[in-house]
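K.L.:
Using only what follows, build the 3D model:
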Amino acid sequence: MEHVMEQKCASCGAPLRFDPEESVLICDSCGNRQAIPAELQVGNITLDGIDFSALTQQVTDEHADALPVYHCVSCGAEVIVPEVQITTTCPYCANNIVLTDKVTGKLRPDGVVPFRIDKKRLPDAVNEFYKDKALLPKRFFSEHVLGKVTGVYVPFWVFSGNVSGTLRFRGEMSGSFRRGDYIITQTHHYQLLRDADVNFHDVPVDASERISNDLMDSLEPFDIADVKPFDTRYLAGFTAERFDQAQGQVSDRAKRRMIASTEDAVISTLNGYSGIRRAGGELRAALTARYLLLPVYLFSMEYGGKAYEFAMNGQTGKVVGELPVSKSVSWSYFLKRAGATAAIIAGAFFARYMMGA
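P.N.:
Got it, this is the predicted structure:
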């Protein structure tokens, strides 16, 4: 059975939306505000303050590979929803709908980090991102077009765990001294052992195949300490997706990140050597994970017939994305840098020449 839940105003019946800045549900029709209580009952999808007595459900499953079709409770329209999507908006009556069958049982998130940044602040954040980007085309600011902005709760596996093991290195210490007419260089070789035991907390790895891993990694950090017990009311007015990559499919990414960080920490302890090279050893990672929904604004920037993908951290306001590069501007920039370097070298040569004169 496919379950449908609507987020509607108890006063006027209009759709509710979650306001990131006030952290409440707001009705744009009558102005009614509704807080989200800490205590909630999720077993049968009954939440304090919302009447679900009129909820209906329907399944269309004529073909096993067909997209599920849901009926909007308010207007009766059929709404087709992609398999991984948790929420949708009825295109006819604009009601916000949560597909509860996709957030129950093993599919239910362990928590949600709510949006804290309203999308109206996005233009200022994007302009700050553009700041000091020297290689942008000159006409970019007047000709680029901001595409549709979508607030998405992106599914993440958030890993914690321990990395331990022993690493071996070979180190060298070199020194030179004069003996008569000769300069002698002496090198000492050392075998170095380092035991590692490092704990990691809340390393996020996105669990959506359709969203760029690099884009999501660049959005960090998220403040996972702000996680709330999962409540569908935080999803009102936003799009949300469930994971389509299981924990085991992405755990290697988390392990690689933790092991690389541990190796860097170990190498930072090898001070005073003129050369270091890895000689063996192994690090092992033991992980646990939580399934969380994290807030992200996704949008594109169109310029010169191409769409550039961007994202903004819905909690911190950090913007990341690909920017166009002007070939003429980059070449001019290179020549200026090269000219500045040449001027410095020429100045140093001239100073040495004058001092030797």
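
K.L.:
what's the domain layout of this protein?
P.N.:
The chain is divided into the following domains under automatic domain parsing: 1-108, 152-325, 326-357.

K.L.:
so how far is residue 266 from the nearest residue to residue 177 once chain neighbours are set aside?
P.N.:
Excluding the flanking residues, the one nearest residue 177 by CB to CB, 6 or more residues apart in numbering is residue 184, at 5.8 Å. No exception for glycine: its C-beta is placed from N, CA and C like everyone else's. According to CB to CB, to the nearest Å, residue 184 stands 33 Å off from residue 266.

K.L.:
Who has more neighbours out of these two?
P.N.:
The neighbour count for residue 184 versus residue 266, taken as other CB atoms under 10 Å, is higher for residue 266 (20 against 10).

K.L.:
What residues does that one make contact with?
P.N.:
167, 194, 196 (CB atoms under 8 Å, 6 or more residues apart in numbering).

K.L.:
So the last one sits against residue 258, correct?
P.N.:
Translated: residue 196. No: Residue 196 is not in contact with residue 258 according to CB atoms under 8 Å; the separation is 10.7 Å.

K.L.:
Among those two, which residue is more densely surrounded?
P.N.:
Neighbour totals were compared for residue 196 and residue 258, and residue 258 leads with 22 against 19 (other CB under 10 Å).

K.L.:
Any idea which of the domains of the chain gets closest to residue 146?
P.N.:
Residue 146 lies closest, by CB to CB, to one member of the domains of the chain: domain 152-325, at 6.1 Å.

K.L.:
Let me see the mean pLDDT of that closest one.
P.N.:
Taken as a whole, domain 152-325 has an average pLDDT of 92.

K.L.:
just how off-centre is that domain within its chain?
P.N.:
The chain centre lies 12 Å from the centre of domain 152-325; the measure is CA atoms, centre = their mean, to the nearest Å.

K.L.:
From residue 108, how far out is residue 206?
P.N.:
18 Å.

K.L.:
Compare those two and say which is more crowded by neighbours.
P.N.:
Under the criterion of other CB under 10 Å, the comparison of residue 206 against residue 108 puts residue 206 first, with 22 against 13.

K.L.:
Could you list the low-pLDDT ranges of the stretch 1-150 of the chain?
P.N.:
Residues of the stretch 1-150 of the chain that meet the criterion pLDDT under 70 lie in 1-5, 38-68, 77, 80, 91-92.

K.L.:
which residues of the stretch 151-300 of the chain fall in strands?
P.N.:
182-206, 239-240, 275-303 (DSSP state E, counting those that start in this stretch).

K.L.:
Turn these into TSV, columns for distance to residue 100.
P.N.:
Listed next are the strands of the stretch 151-300 of the chain as TSV, based on distance: least, CB to CB, whole Å:
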stretch	distance to residue 100
strand 182-206	23
strand 239-240	12
strand 275-303	14
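
K.L.:
any idea which of those strands is most buried?
P.N.:
strand 239-240 (a mean of 21; mean count of other CB atoms under 10 Å).

K.L.:
Packing partners of that strand?
P.N.:
If contacts are counted by 3 or more CB pairs under 8 Å, 6 or more residues apart in numbering; DSSP states H and E, strand 239-240 sits against strand 87-89, strand 150-179.

K.L.:
I'd like those laid out as a markdown table, including mean neighbour count.
P.N.:
As requested, the helices and strands packed on strand 239-240 are exported to a markdown table (neighbours: other CB atoms under 10 Å):
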| stretch | mean neighbour count |
| --- | --- |
| strand 87-89 | 20 |
| strand 150-179 | 17 |
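
K.L.:
right, so of those strands, which gets closest to residue 298?
P.N.:
Closest among these, using CB to CB: strand 150-179, at 5.1 Å.

K.L.:
Provide the strand pairings for the closest one, with the direction of each partner.
P.N.:
Sheet pairing of strand 150-179 (DSSP bridges) gives strand 182-206 (antiparallel), strand 239-240 (parallel), strand 275-303 (antiparallel).

K.L.:
Residue 93 is nearest to which of these?
P.N.:
When the strands paired with strand 150-179 are compared by CB to CB, strand 239-240 sits nearest residue 93, at 17.5 Å.

K.L.:
now what about the closest one, what contacts it?
P.N.:
Against strand 239-240 from outside (CB under 8 Å, 6+ apart): 85-88, 98, 150-153, 293.

K.L.:
repeat for stretch 9-18
P.N.:
So stretch 9-18 is contacted by 6-8, 24-30, 32, 34, 36, 49-51, 74, 89, 94-96, 114-115, 233-238 (CB under 8 Å, 6+ apart).
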